[in-house]
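**Student:** The following block contains a protein sequence and its predicted model.
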Amino acid sequence: QVPLVESGGGLVQAGGSLRLSCAASGRTFSDYDMGWFRQAPGKEREFVSAITWSGRTTYIADSVKGRFTNSRDNAKNTVYLQMNSLIPGDTAVYFCAARGRWRLGPPTATSEYDYWGQGTQVTVSS
C-alpha cells in the first residue's frame, strides 16, 4: 500500500493560484510515477498531469498546459501541482495517484494507477 494524502485545495477567484500537495507514505516514493486527475460533478475523472519517478519527464493535459506545473521532491515523499490562472472550468475534486515505475502504459490513463488519494476540492469562482 501507498497511502496518499492531498492538501492545498480551496476556494479561489478566477485568475488566482493554488498549489496542491500530495504526501506519500509506506513504500519507496521514488519507485512510483505520480499522476494528478480531477473529477467535476457529473463528469468522468480526467487526466491533468503526471510526472515520472525521477521527475525528469512530465505530462500535462492540453486543457491546463501553460497554467499548471507538476513537480516532486523525493526526499519529502511529496508531489506538487502548481495551478495558476485558474478558471471556473478547473473546479473539481483533484486526486493524486501512484503507479509503479515499471508500468509501460500511458500515464494519462486512470487504469494505470494502483493507489489513489481521497481527493481535495478546488473551487474557482467567476
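**Tutor:** It's in.

**Student:** most centrally placed residue in this structure?
**Tutor:** In the chain, the centroid-proximal residue (C-alpha atoms, centre = their mean) is Trp36; its distance is 2.1 Å.

**Student:** How is that one assigned, secondary-structure-wise?
**Tutor:** When classified by DSSP: H, G, I helix; E, B strand; the rest coil, Trp36 comes out as strand.

**Student:** what sits against it?
**Tutor:** Counting by C-beta atoms under 8 Å, 6 or more residues apart in numbering, Trp36 touches 20, 22, 47-50, 70, 79, 81, 94-97. For glycine as for every other residue, the C-beta is placed from the backbone atoms N, C-alpha and C.

**Student:** ditto for Gly10
**Tutor:** Leu18, Gln121, Val122, Thr123.

**Student:** Top of those by number of neighbours, please.
**Tutor:** When neighbours are taken as other C-beta atoms under 10 Å, the top entry among the contacts of Gly10 is Val122 (22 neighbours).

**Student:** Please identify the helix or strand for it.
**Tutor:** strand 120-125 (DSSP states H and E).

**Student:** helices or strands next to that strand in the packing?
**Tutor:** strand 10-13, strand 18-24, strand 92-100 (3 or more C-beta pairs under 8 Å, 6 or more residues apart in numbering; DSSP states H and E).

**Student:** Now do the last one: everything it contacts.
**Tutor:** In other words, strand 92-100. Here strand 92-100 has contacts from 2, 4, 6, 9, 20, 22, 24, 31-40, 43, 45, 48, 79, 81, 107, 110, 112-122, using C-beta under 8 Å, 6+ apart.

**Student:** Flag every buried residue along it.
**Tutor:** Within strand 92-100, the residues that count as buried by 16 or more other C-beta atoms under 10 Å are Ala92, Val93, Tyr94, Phe95, Cys96, Ala97, Ala98, Arg99.

**Student:** Let's have those in CSV, adding distance to Gly55 and pLDDT.
**Tutor:** Output for the buried residues of strand 92-100, formatted as CSV (distance: C-beta to C-beta, whole Å; pLDDT from 0 to 100):
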residue, distance to Gly55, pLDDT
Ala92, 25, 98
Val93, 25, 98
Tyr94, 20, 98
Phe95, 20, 98
Cys96, 15, 98
Ala97, 16, 98
Ala98, 14, 96
Arg99, 15, 96
